[in-house]
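> Predicted coordinates and the sequence they were generated for:
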Amino acid sequence: MTTMTETPTFQPQAPRRIEDTGLSAGFLANLVLKTFYYRTDMRGHDMARALHLPFSCIEGQLDDLRREKLIEVKGAEGNSLSTYRFVLTQMGRDRAREALLISQYVGPAPVTLDEYTRGIAAQSGGRDPIRTDELAASLSHLVLPQQVIDSIGPALNNQRSLFLYGSPGNGKTCLAEAIGRALGGDMRIPWAVEVDDQ
């Protein structure tokens, strides 16, 4: 593990099978149907790209959806399921609408809350404590009472949440950005996080 000021060594592993995603088969099937609903026809590998998953993770889903007559093959550019062009059937459109009533999310496959938590912990665990002079330098362009600076340092070093509140225009965003610069480095965060199939 490196410190936050260096390039993070945390590298999430790409899933190879649906089980590796931590997502339920039903959740993934609904995500595929909702994606088809908005994108009409797609090749198998285009669907994998839209979900940001390897084709091996959705190949079984596409086959199952085809067997259930929720999608059908419109054409093919080769022998592989990844080159088949799929479209929703009427039954598939109905199921996609039902899925959209439950959750309107359509996009890259999310990571589970457990994976998100592990990833954040792995990236922040090796960070060196921030010194008072480093924090003061990062906040020097802001006019802040000393008690605010004195409160921020311990919260950052204890790796606890910091809640910034106040009326619009009081500098919350400027303060958050300055705190981010004080911490240094980048963190990898997922596009979306799944909790209880949402």
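That came through, no problem.
> hey, let's count contacts and neighbours off CA atoms from now on
Noted.
> Okay, now the unreliable bits of this structure?
Low-confidence segments of the chain (pLDDT under 70): 1-9, 125-127.
> next structured bit after the top helix by length along it?
In the chain, with assignment by DSSP state H, the single longest helix is helix 25-39. For helix 25-39, the succeeding helix or strand toward the C-terminus, using DSSP states H and E, is strand 42-43.
> Torsion angles phi and psi at Ser109?
Quick fix: residue 109 is Ala, not Ser. Dihedral angles of Ala109 (phi, psi; degrees, to the nearest 10) stand at phi -60, psi 130.
> Would you mind measuring from it to Val32?
To Val32, Ala109 is 9 Å away according to C-alpha to C-alpha, to the nearest Å.
> ditto for Gln104
From Gln104 across to Val32, the span is 12 Å (C-alpha to C-alpha).
> More neighbours: which of these two?
Val32 (23 against 13; other C-alpha atoms under 10 Å).
> Test my guess that the more buried one contacts Met47.
Yes. Contact between Val32 and Met47 holds when scored by C-alpha atoms under 8 Å: they sit 7.4 Å apart.
> Next, show the common contact partners of those two.
By C-alpha atoms under 8 Å, 6 or more residues apart in numbering, Val32 and Met47 have no common neighbours.
> mind checking the SS state of Arg85?
strand (DSSP: H, G, I helix; E, B strand; the rest coil).
> and it, what are its bridge partners?
Beta bridges link Arg85 to Arg43, Gly75, judged by DSSP bridges.
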